[in-house]
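Asks: from the sequence below, what's the structure:
(4 chains)
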2 protein chains.
Amino acid sequence: MPGAFSSDDDAEMRQAERDVTAAFAGSGLDFGALLAVSNVFRTATAVRNHIEREVLREHGLSWSAFVSLFVLKVWGAKESHELAKEVGITVGTLTGVVSTLERRGFAKRTSHPSDGRRQVVKATAKGRRAVDEIMPVFNKHEAIVTEGLTDAAREQLSHHLRTVLRTLDALDQDA
Amino acid sequence: MPGAFSSDDDAEMRQAERDVTAAFAGSGLDFGALLAVSNVFRTATAVRNHIEREVLREHGLSWSAFVSLFVLKVWGAKESHELAKEVGITVGTLTGVVSTLERRGFAKRTSHPSDGRRQVVKATAKGRRAVDEIMPVFNKHEAIVTEGLTDAAREQLSHHLRTVLRTLDALDQDA
DNA sequence: TCCAACTCGTTCGGACCCGAACGATATTGT
DNA sequence: ACAATATCGTTCGGGTCCGAACGAGTTGGA
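Replies: Numbering: from 1, shown residues only, chains lettered A, B, ... in the order given. Below is the predicted model:
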């Protein structure tokens, strides 16, 4: 369903396609794939920056720190590698994020009772309170940035993205 | 069109919704919005990490460095603030990225002929050659990660994402 | 038993990322 | 003409972010 874009947007996009095609003549680029990936990335960056500025900054939390805290609040204590996987960052990065959370008094590390290598991360009462306070505002902004989409469109969007996510899971599994 | 997910994925998602709803009882969270934003962010991270690992690492380029070089190759020389806007990073960040590009011999800074405040960034011949070499591989991976989507689905995805992008533009415009 | 192979989380180096503060330059109003 | 204001890119501090190297702890087989 083209033509549903605002005309400015549409014209700009078709011009961009001509420019890129001209710059890579003969390479046979898949423009639909290029556009899809580019839009996913632009949108993620814009949403993240917006919500970090409007919601998280006043609480001194980064996106990753808040997501970590959210996961701990909903699913309880988690071992580091599980939490990292859930949040979508590496264990090395998580060490820094949890250290920040600990310094702010939002979370706490505990040694695993039977396996000395493992660390269990847990939200403190203060951390859980912070999530309770922040999440409704956070979610309100999620609703605002997606208010241009119907419920069906939002489900379609999520559905397509999960398809890409599954492809990537399978890809990284093999490697 | 629910039920189009694999059953595992679907079950996992409905369980997650129950857990989150239970943790925030009474807050009346907009779950569709939460899911859409969460999926955009997860997908962007997964795609970026995958392509940085599989395509960019061997050339010593980050995602932002490559996107910057791509923009310069397609649209020619650009002033710093234009390039930053195009790439989706702040001018402060761009300074570092361009410095890296310059150190590697992929780009060059020039003073604006009539305005002493401005800097013009330009890809070198080596930089343009690098983009020519990398872009087809980069695009092949873009095609691979979206191969689970039909052409119509990819267009739908891009369309919905651009809707969100426009909402954010308007939001940040006012502020 | 005991040690090689494995699995954790941390540390480290290098790059990115933002926002605020800054210095240099340009523009505007009077 | 010239000061007040605005704009541009850089610098800085704090915080991610990754991958590789590492040390501590665990496990499985000879």
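Asks: please list the residues of chain A that sit near DNA strand D.
Replies: A:62-65, A:88-90, A:92-93, A:96-97, A:100, A:114-117 (Cβ under 7 Å from any atom of the strand). Where C-beta positions appear, they are placed from N, C-alpha and C, glycine not excepted.
Asks: how near is the residue in chain A that chain B sits nearest to to residue A:102?
Replies: Using Cβ to the nearest Cβ, the point where chain A gets nearest to chain B is residue A:44, with a distance of 3.3 Å. Counting by Cβ to Cβ, to the nearest Å, the gap between residue A:44 and residue A:102 amounts to 27 Å.
Asks: by mean pLDDT, which helix or strand of chain A comes out lowest?
Replies: helix A:7-23 (a mean of 85; mean pLDDT, DSSP states H and E).
Asks: got the buried residues for that helix?
Replies: Within helix A:7-23, the residues scored as buried using 16 or more other Cβ atoms under 10 Å in any protein chain shown are A:16, A:20, A:23.
Asks: looking at it, residue A:50 is touching residue B:171, isn't it?
Replies: Yes - between residue A:50 and residue B:171 there is a contact under Cβ atoms under 8 Å: 6.7 Å.
Asks: give me the common contacts of the two.
Replies: When Cβ atoms under 8 Å, 6 or more residues apart in numbering or on different chains defines a contact, the residues bordering residue A:50 and residue B:171 alike are residue A:145.
Asks: confirm residue A:110 sits in a strand?
Replies: Yes - with DSSP: H, G, I helix; E, B strand; the rest coil as the criterion, residue A:110 is part of a strand.
Asks: now it: closest residue in space, sequence neighbours ignored.
Replies: Sequence neighbours aside, residue A:120 is the residue nearest to residue A:110 in space, at 4.7 Å (criterion: Cβ to Cβ, 6 or more residues apart in numbering or on different chains).
Asks: does that neighbour count as helix, strand or coil?
Replies: Reducing the assignment at residue A:120 to three states with three-state DSSP gives strand.
Asks: who does the top helix by length along chain A touch, helix- and strand-wise?
Replies: Using DSSP state H, we find that the single longest helix of chain A is helix A:151-174. Here helix A:151-174 touches helix B:31-51, helix B:125-145, helix B:151-174, going by 3 or more Cβ pairs under 8 Å, 6 or more residues apart in numbering or on different chains; DSSP states H and E.
Asks: near chain A, anything from the first one?
Replies: When you say that, I think you mean helix B:31-51. Yes - under the criterion of Cβ under 8 Å from any Cβ of the partner chain, chain A is reached by helix B:31-51 at B:32-37, B:39-48, B:50.
Asks: tell me what that helix is packed against?
Replies: Contact analysis of helix B:31-51 by 3+ Cβ pairs under 8 Å, 6+ apart lists helix A:31-51, helix A:125-145, helix A:151-174, helix B:7-23, helix B:125-145 as its packing neighbours.
Asks: that helix versus helix A:125-145: what angle between them?
Replies: Helix B:31-51 runs at 90 degrees relative to helix A:125-145, counting by axes from the mean of the first three to the mean of the last three Cα atoms, to 10 degrees.
Asks: likewise the second one?
Replies: Comparing the axes of helix B:125-145 and helix A:125-145 via the same axes, to 10 degrees yields an angle of 90 degrees.
Asks: then the last one?
Replies: For helix B:151-174 and helix A:125-145, the angle between their directions (the same axes, to 10 degrees) works out to 110 degrees.
Asks: send me helix B:151-174 as PDB with only the CA atoms.
Replies: This file holds the C-alpha atoms of helix B:151-174, laid out as PDB (Å, rounded to 0.1, in the frame of the first residue of the first chain):
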ATOM      1  CA  ASP B 151       8.400  -8.200  -0.100                       C
ATOM      2  CA  ALA B 152       5.000  -7.000   1.000                       C
ATOM      3  CA  ALA B 153       5.900  -7.700   4.600                       C
ATOM      4  CA  ARG B 154       9.200  -5.800   4.400                       C
ATOM      5  CA  GLU B 155       7.400  -2.800   2.900                       C
ATOM      6  CA  GLN B 156       4.800  -3.000   5.600                       C
ATOM      7  CA  LEU B 157       7.500  -3.100   8.200                       C
ATOM      8  CA  SER B 158       9.300  -0.100   6.800                       C
ATOM      9  CA  HIS B 159       6.000   1.800   6.500                       C
ATOM     10  CA  HIS B 160       5.100   1.200  10.100                       C
ATOM     11  CA  LEU B 161       8.600   2.200  11.300                       C
ATOM     12  CA  ARG B 162       8.500   5.400   9.300                       C
ATOM     13  CA  THR B 163       5.200   6.200  10.900                       C
ATOM     14  CA  VAL B 164       6.900   6.000  14.300                       C
ATOM     15  CA  LEU B 165       9.800   8.000  13.000                       C
ATOM     16  CA  ARG B 166       7.500  10.800  11.900                       C
ATOM     17  CA  THR B 167       5.800  10.800  15.300                       C
ATOM     18  CA  LEU B 168       9.200  11.200  17.000                       C
ATOM     19  CA  ASP B 169      10.300  13.900  14.600                       C
ATOM     20  CA  ALA B 170       7.200  15.900  15.400                       C
ATOM     21  CA  LEU B 171       7.600  15.200  19.200                       C
ATOM     22  CA  ASP B 172      11.300  16.400  19.200                       C
ATOM     23  CA  GLN B 173      10.400  19.300  17.000                       C
ATOM     24  CA  ASP B 174       8.100  20.800  19.600                       C
END
